[in-house]
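Visitor: Here's my sequence, what's the structure:
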Amino acid sequence: MLLRGTHFATLARGALAAPLRLLLPPVCAGCRRQVSQPGSLCGSCWPKLRFLERPWCAVMGTPFAHEMGEGFLSAEAIADPPPFARARAAVAYSGVAGRMVQALKYADRTDLAPWMARWMVRAGAELVSDADVVTPVPLHWRRFFVRRFNQSAELARAVAAQTGKPFEPTAIRRVKVTRQQVGLGHDERRDNVRAAFRVPPGQEIRVRGRRVLLVDDVYTTGATVASATRALVKGGAIAVDVLTFARVLPSGVAPGDLRSGDFRADRPDPI
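Guide: Model (predicted):
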């Protein structure tokens with residue numbers, strides 16, 4: 001009886017989705033050409049994605065042009081060790097990836113979050129495996145009121161749903177109104193988000209003694225996730241790993257040297 005009910009529910013969802021797809025056909029997340037599946041990319045945009053692959057820095061996830069040996073660290077990890085344990089990102093922030101982030105963040109394309117999260121889970125498999133809870137970088141309530149949703153929370157929710165990890169969206173709060181980070185230099189970004197986050201009273205139980213997977217949309221200089229990490233550790237987390245959809249590569253790492261999206265163009269999941 002349960003199988004019949006499940007089968008009926010699947011058929012019902014398919015029947016309801018068909019007219020909607022006729023009225024609102026799925027479009028490419030990069031250029032808005034029509035595609036066969038929601039969340040997928042067209043044949044022109046897919047090869048332009050640059051996936052971050054091994055070999056990479058064991059801490060920062062910055063890709064190396066050549067294998068450097070197990071545990072080898074990048075110059076940035078050595079010169080300015082981060083407060084988080086490890087960081088990983090799915091793709092380099094440029095071109096198509098940038099348009100996907102902008103669509104999710106400013107054009108209400110929350111439908112992209114599950115597909116972006118699949119690539120994140122693939123890139124951060126070891127981080128996800130070790131995580132006890134998944135939490136997003138939060139928005140300040142004033143910005144949330146204007147935007148109506150938090151793009152990082154949508155990605156974190158999808159990551160948690162796909163991996164079966166507990167989702168804790170209220171484990172950390174942004175307590176300081178900050179300027180937009182876009183256009184700020186490295187030191188300005190760090191000053192802007194200093195002491196911007198806090199584990200709220202009564203929420204320590206959600207992170208105390210746990211390894212937290214902190215999710216954001218883009219890693220630029222790392223100032224935001226570093227500030228959030230310090231708050232989580234102060235709240236009792238034993239370690240924090242950072243997982244983002246995209247990464248602004250440091251100077252000296254060219255996106256063109258990375259692996260392109262050589263998977264089937266209309267397939268939303270590259271695994």
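Visitor: give the contact list for the residue lying closest to Gln203 once chain neighbours are set aside.
Guide: In this structure, Gln203 finds its nearest non-sequential neighbour in Ala171, 5.6 Å apart by CB to CB, 6 or more residues apart in numbering. No exception for glycine: its C-beta is placed from N, CA and C like everyone else's. Ala171 is in contact with 133, 135, 199, 203, 206-207, 212, 232, 235, counting by CB atoms under 8 Å, 6 or more residues apart in numbering.
Visitor: Show me the helices in the stretch 151-271 of the chain, by range?
Guide: 151-163, 186-193, 223-234 (DSSP state H, counting those that start in this stretch).
Visitor: quick one: the first one to helix 223-234, angle?
Guide: Using axes from the mean of the first three to the mean of the last three CA atoms, to 10 degrees, the inter-axis angle of helix 151-163 relative to helix 223-234 is 60 degrees.
Visitor: by contact count, what packs against helix 151-163?
Guide: In terms of contacts (3 or more CB pairs under 8 Å, 6 or more residues apart in numbering; DSSP states H and E), helix 151-163 is packed against helix 96-106, helix 113-123, strand 133-136, strand 211-219.
Visitor: Let me know the closest of the contacts of Ala171 to Pro38.
Guide: Within these, proximity to Pro38 (CB to CB) peaks at Thr135, which comes in at 26.5 Å.
Visitor: State the distance from that closest one to Arg54.
Guide: Counting by CB to CB, to the nearest Å, the separation of Thr135 from Arg54 is 26 Å.
Visitor: What values do phi and psi take at Asp80?
Guide: Here is the backbone geometry of Asp80 (degrees, to the nearest 10): phi -140, psi 70.
Visitor: whoops, Asp130 was the one
Guide: Backbone torsions of Asp130, given as degrees, to the nearest 10, read phi -90, psi -10.
Visitor: That one contacts Arg211, correct?
Guide: Yes - the pair Asp130 / Arg211 is scored as a contact, 5.7 Å apart, by CB atoms under 8 Å.
Visitor: shared neighbours of these two, anything?
Guide: Residues touching both Asp130 and Arg211 (CB under 8 Å, 6+ apart) are Asp241.
Visitor: circling back to that earlier point, among the helices of the stretch 151-271 of the chain, which comes closest to Ala79?
Guide: Across the helices of the stretch 151-271 of the chain, Ala79 has its closest neighbour in helix 186-193 (12.1 Å, CB to CB).
Visitor: per-residue pLDDT, the residue nearest to Gln203?
Guide: For Ala171, the pLDDT comes out at 96.
Visitor: just Gly43 next, same as before
Guide: Per-residue pLDDT puts Gly43 at 88.
Visitor: Thank you, goodbye.
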